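1. The following block contains a protein sequence and its predicted model.
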Amino acid sequence: MAAVNRDPLTAPHAVRNDTVLAAFTAAVAVALALLVDHGRAPDALGWTLLLVAHVPLAWRRRRPLTVLLLVLLPVVPYHALDNNHGAPVAATMVALYTIASTTTPRRTLLLGTGVIGATLTVNALTNPAGFVELIRITGWVVAVLVFGVDVRFYRQYVTTIVERAERAERTQEEEARRRVAEERLRIARDLHDLLAHSITLIGVQTSVAAHVLAADPGRLDRETVAKALDDIAETCRTARGELRTTLEVLRENGGPADARGPLAGLDGLPDLVEAARLAGARVEPAVRVAGPVPPAVGAAAYRVVQEALTNAVRHAGPEPAIRVELRDDDGVLRLSVTDDGTGPTPGGTPGFGLVGMRERARSVGGTLDAGPRAGGGFEVTASLPLTPATREGTG
């Protein structure tokens, strides 16, 4: 079946294999000439023409049409000399089959008509009374041509199936690579948001403790220092828990392929607000969301607020006033985080915070804008769509 499925024009070792086929076909022709119809045994010229007709078969796959003409060139005078008519039939049929299995049906039909016409002419001249022989020869020619065309169509069908399978496999591999890239990007965003937020809070709380220790060593406010250190420890514990949840997707622990642990959502906003307050910010939350929020949208909103608060604590100056507002507006979650600080230092090296926030908004089909406010401070606004189908799935 492998030989049938393979394209004969591209098969390896074609000349070597066809040389073996030509030798075998020649041996069959010699046997037929010696054993069948002794009254028409070839003479010296007949043997020469018979053997020469088999030589071109060694190149039948490279030049099918040329080989057919070269085979017919000695076969026609061979039949005209009234030699054994059955001996060269195999060579002629092999050449016809090669044409039918490698060329178009239209060309096959034209060549078949020409071969049958030449056969009828030769038979009419050498054996006018052989009507049965005429029908037999015509039947063999038609059968070989039909078989060759059928094999050609079958090979085309197999080639199409193989191409579709390869294309499907490539599509699956590309989809797998795309999913891996998206997962890596998601993990990078989570790690950035988590570490940037936690490290910023720890830095602010450490500065508070250092300030208390250095301000008046003779009157050490142990309660304030202890509270600052407790806040640092609590921030570390929270960051450690979130980091463990985020990194679980990198472990192969036999769980489901999409197991990611619980996603952060809007219910975690109070913790973000409290952490920002501990860092010295004056945060005013305003959450007016009537119905349930899809987990993906809730996670995106949580991370956007987290990054916006981190940036405000880091860049807005001491004790900034921050307003966090979320509302459900006609199927869209509207989010804004504004502060009255000085904003990022001009000329500073930009980080990945704003890029990450925009990517999170796009991941759920939303948009995000961030920039300085006209009256001073900085503002982050986002619109995250809430589709009805998704909302129903969260109930």
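-> Received, thanks.
2. going forward, measure contacts and count neighbours with C-alpha atoms only.
-> OK.
3. Confirm for me that residue 373 is in contact with residue 341.
-> No. Using C-alpha atoms under 8 Å, residue 373 is not in contact with residue 341; the gap is 10.0 Å.
4. how about low-confidence regions in the stretch 201-350 of the chain?
-> 205, 208, 211-213, 215-221, 242, 245-263, 342-350 (pLDDT under 70).
5. all strands for it, in order.
-> Remark: strands assigned in the stretch 201-350 of the chain by DSSP state E, counting those that start in this stretch are 282-288, 321-329, 332-339.
6. Residue 76 is nearest to which of those?
-> For residue 76, the closest of the strands of the stretch 201-350 of the chain is strand 332-339, at 85.3 Å, according to C-alpha to C-alpha.
7. so what strands line up beside the closest one?
-> Taking DSSP bridges as the criterion, strand 332-339 forms sheet pairs with strand 321-329 (antiparallel), strand 378-385 (antiparallel).
8. which stretch among those strands comes nearest residue 232?
-> Nearest of the strands paired with strand 332-339 (C-alpha to C-alpha): strand 321-329, 21.7 Å.
9. and the angle for the closest one with strand 282-288?
-> Relative orientation of strand 321-329 versus strand 282-288 (axes from the mean of the first three to the mean of the last three C-alpha atoms, to 10 degrees): 10 degrees.
10. Need the CA coordinates for strand 321-329. PDB is fine.
-> Output in PDB follows, covering the C-alpha atoms of strand 321-329 (Å, rounded to 0.1, in the frame of the first residue of the first chain):
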ATOM      1  CA  ALA A 321      -5.700  61.100  48.900                       C
ATOM      2  CA  ILE A 322      -6.900  58.300  46.700                       C
ATOM      3  CA  ARG A 323     -10.400  57.500  45.500                       C
ATOM      4  CA  VAL A 324     -11.200  54.000  44.200                       C
ATOM      5  CA  GLU A 325     -14.600  53.800  42.400                       C
ATOM      6  CA  LEU A 326     -16.200  50.800  40.700                       C
ATOM      7  CA  ARG A 327     -19.700  50.700  39.300                       C
ATOM      8  CA  ASP A 328     -21.900  48.500  37.100                       C
ATOM      9  CA  ASP A 329     -23.000  50.700  34.200                       C
END
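11. who's in contact with that strand?
-> With contact meaning C-alpha atoms under 8 Å, 6 or more residues apart in numbering, strand 321-329 is reached by 281-290, 305, 309, 312, 333-341.
12. buried stuff in that strand?
-> Across strand 321-329, burial judged by 16 or more other C-alpha atoms under 10 Å covers 321-326, 328.
13. need the helices for the stretch 51-200 of the chain, in chain order.
-> 64-80, 89-102, 105-126, 131-215 (DSSP state H, counting those that start in this stretch).
14. tell me which strands and helices the third one is in contact with?
-> So that's helix 105-126. On a contact count with 3 or more C-alpha pairs under 8 Å, 6 or more residues apart in numbering; DSSP states H and E, helix 105-126 meets helix 64-80, helix 89-102, helix 131-215.
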